[in-house]
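In: sharing a model prediction with you, sequence too.
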Amino acid sequence: MASRRERGGGRGGGRASQGANASIHAVPIRPRRALFLGLCLTACGAADPPPEPPTPAVAVPAPTPTPSPLPPVVADLHVDTVTAMLSGEVGWDASALEASLPRMQAGGVNVVVEALWIERGVDDPFGRAVQKLKRVRSAVLQSQRQAAIVTSPGQLEAVLREGRLAVVLALEGGTALVEGEPALAELRKLGVSMFGLTWSESSPLADSSAEPRSPGGLTDAGRAAVAWCNSRGVMIDVSHMSDEATGQTVQASTAPVIASHSNARARCDVPRNLPEPLLQAIAGRGGLVGAMFHGPYVRVDRKASRPDVVSMIRSMVGSIGAAHVGIGSDWDGIIQAPVGLESADDLPALRSDLLAAGLDAEQVAAISGGNFLRFWQAVWAAREDPSGAGSDAP
């Protein structure tokens, strides 16, 4: 065995040995020993832990685009332009039309109710309605996206936000509905959103103001049609109905009704206009009455003018309130247009005259079209059977 001195390898005595021992304790682990320890640690599982899996990226939803603001609604609740296009073999842009597309655009109109009028004595009234409907569709397609047919208030708003003309299809004449519910359903499927159960010719559904029956009013088929429309959010038009049929329709309907183009009989005493009790009944249930421009229904003693229409509207506002009055010109329906209201591009002058006559801006905006949107929303909300009512998206 070697001595302590020999193990230390030093030359000196005890102090030297102590110094050597101190040096031994301070020497770091040799490379071979470090390698050995590293291998042991690895074998024993003491190596660095594996990295944690990366945290999955959180998808950030794209911001919801802000919808375009809804422009003021300017609506004409009744025009017969499709009939004029067919009879004159002209397009929607023809200058001969009182409610052509360019004229409506010039007048600020962005909602129009196009009537599918059924003439007296037509061999196939339903086929005539479909023919006129297809002609409106053709005109809309040829408008290069300036217009779109709408079948619900939601669609109407979406089209207006796009800056286009919203076209509402309306049947005028119950003679096209002799087949009852199948005819209603087929026309609704094709885009009709408003049904008038009569024109001047009485129909199997109701009698008209021009041909009152005794007894008059709604027939069983007429009551069934009212219920069918109510259940699907379809508007019911009582213009042209007899007084009895109008009153019964208002009572039978679970939704508000519209008289799209009718005036006040108290102001112009003709059977085609509405008496005060019926105006009150329509308004009392949230309905709407569109003041119309046919001269003999505005005044009977002389040719009507725009100031006479202003007086008629003011009279109706005084009777049932501005919230229940609209505009239903009846242009292109072979009417005797008032002086100063010969076509749709005269509507801005009418609005100015209403303001000058004492109505405030809010009332004029409501009469010009805001009331129609509110009315259709109420009809839509009252529907009992949403199936088959048409989508509420464009």
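Out: On my side now, so go ahead.
In: from here on, contacts and neighbour counts on C-alpha atoms
Out: Noted.
In: can you pull out the helices in the stretch 251-394 of the chain?
Out: Assigned by DSSP state H, counting those that start in this stretch, the helices in the stretch 251-394 of the chain fall at 276-284, 306-320, 347-356, 361-365, 371-381.
In: can you list contacts of the longest one?
Out: Put plainly, it is helix 306-320. Here helix 306-320 makes contact (Cα atoms under 8 Å, 6 or more residues apart in numbering) with 263-264, 267, 276, 279-280, 283, 291, 293, 298-299, 322, 324-325, 338-341, 350, 353-354, 357.
In: buried residues, it. List them.
Out: Neighbour-count burial for helix 306-320, counted by 16 or more other Cα atoms under 10 Å, picks out 306-310, 312-317, 319-320.
In: ok, the shortest one next?
Out: Buried residues in helix 361-365, defined by neighbour count with 16+ other Cα under 10 Å: 363, 364, 365.
In: can you spell out which helices and strands pack onto that helix?
Out: helix 347-356 (3 or more Cα pairs under 8 Å, 6 or more residues apart in numbering; DSSP states H and E).
In: how about the helices of the stretch 251-394 of the chain in JSON lines, adding distance to residue 226?
Out: What follows is these, written out as JSON lines (distance: least, Cα to Cα, whole Å):
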{"stretch": "helix 276-284", "distance to residue 226": "15"}
{"stretch": "helix 306-320", "distance to residue 226": "24"}
{"stretch": "helix 347-356", "distance to residue 226": "33"}
{"stretch": "helix 361-365", "distance to residue 226": "30"}
{"stretch": "helix 371-381", "distance to residue 226": "12"}
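In: out of the ones you listed, the one nearest residue 189 is which?
Out: helix 371-381 (16.2 Å; Cα to Cα).
In: list the buried residues for the top helix by length along the chain?
Out: Counting residues, the longest helix in the chain under DSSP state H turns out to be helix 125-141. Neighbour counts over helix 125-141 (16+ other Cα under 10 Å) mark 125, 126, 128, 129, 130, 132, 133, 135, 136, 137, 139, 140 as buried.
In: residue contacts, the second one?
Out: So the one you mean is residue 126. 175, 176, 177, 183.
In: just these now: which is nearest residue 91?
Out: residue 176 (25.1 Å).
In: among the contacts of helix 306-320, the buried ones, what's the ChimeraX command?
Out: Those of the contacts of helix 306-320 that count as buried under 16+ other Cα under 10 Å are selected in ChimeraX with:
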select :263,264,267,279,280,283,291,293,298,299,322,324,325,338,341,350,353,354
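In: which one of the buried residues of helix 306-320 is nearest to residue 222?
Out: residue 320 (26.7 Å).
In: break down the protein into its strands, ranges please.
Out: Taking DSSP state E to define them, one finds strands in the chain at 75-79, 111-117, 147-149, 165-172, 192-196, 235-237, 258-259, 288-291, 325-327.
In: from the middle of its chain, how far away would stretch 81-94 be?
Out: 26 Å (Cα atoms, centre = their mean, to the nearest Å).
In: for stretch 102-122, same thing?
Out: That offset, for stretch 102-122, works out to 18 Å (Cα atoms, centre = their mean).
In: what about dumping the CA coordinates of that stretch to CSV?
Out: Output in CSV follows, covering the C-alpha atoms of stretch 102-122 (Å, rounded to 0.1, in the frame of the first residue of the first chain):
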residue,chain,number,x,y,z
PRO,A,102,-87.2,55.3,-65.2
ARG,A,103,-90.1,57.4,-64.1
MET,A,104,-90.4,55.6,-60.7
GLN,A,105,-86.6,56.0,-60.2
ALA,A,106,-87.0,59.7,-60.9
GLY,A,107,-89.8,60.0,-58.4
GLY,A,108,-87.8,58.2,-55.7
VAL,A,109,-90.0,55.1,-55.7
ASN,A,110,-88.2,52.1,-54.3
VAL,A,111,-91.3,49.8,-53.7
VAL,A,112,-94.0,49.2,-56.2
VAL,A,113,-97.0,46.8,-56.1
GLU,A,114,-97.6,45.5,-59.6
ALA,A,115,-101.2,44.5,-60.1
LEU,A,116,-102.1,41.4,-62.1
TRP,A,117,-105.5,42.7,-63.2
ILE,A,118,-108.0,40.2,-64.5
GLU,A,119,-110.2,41.7,-67.2
ARG,A,120,-113.9,41.0,-67.4
GLY,A,121,-114.9,38.0,-69.6
VAL,A,122,-111.5,36.4,-69.9
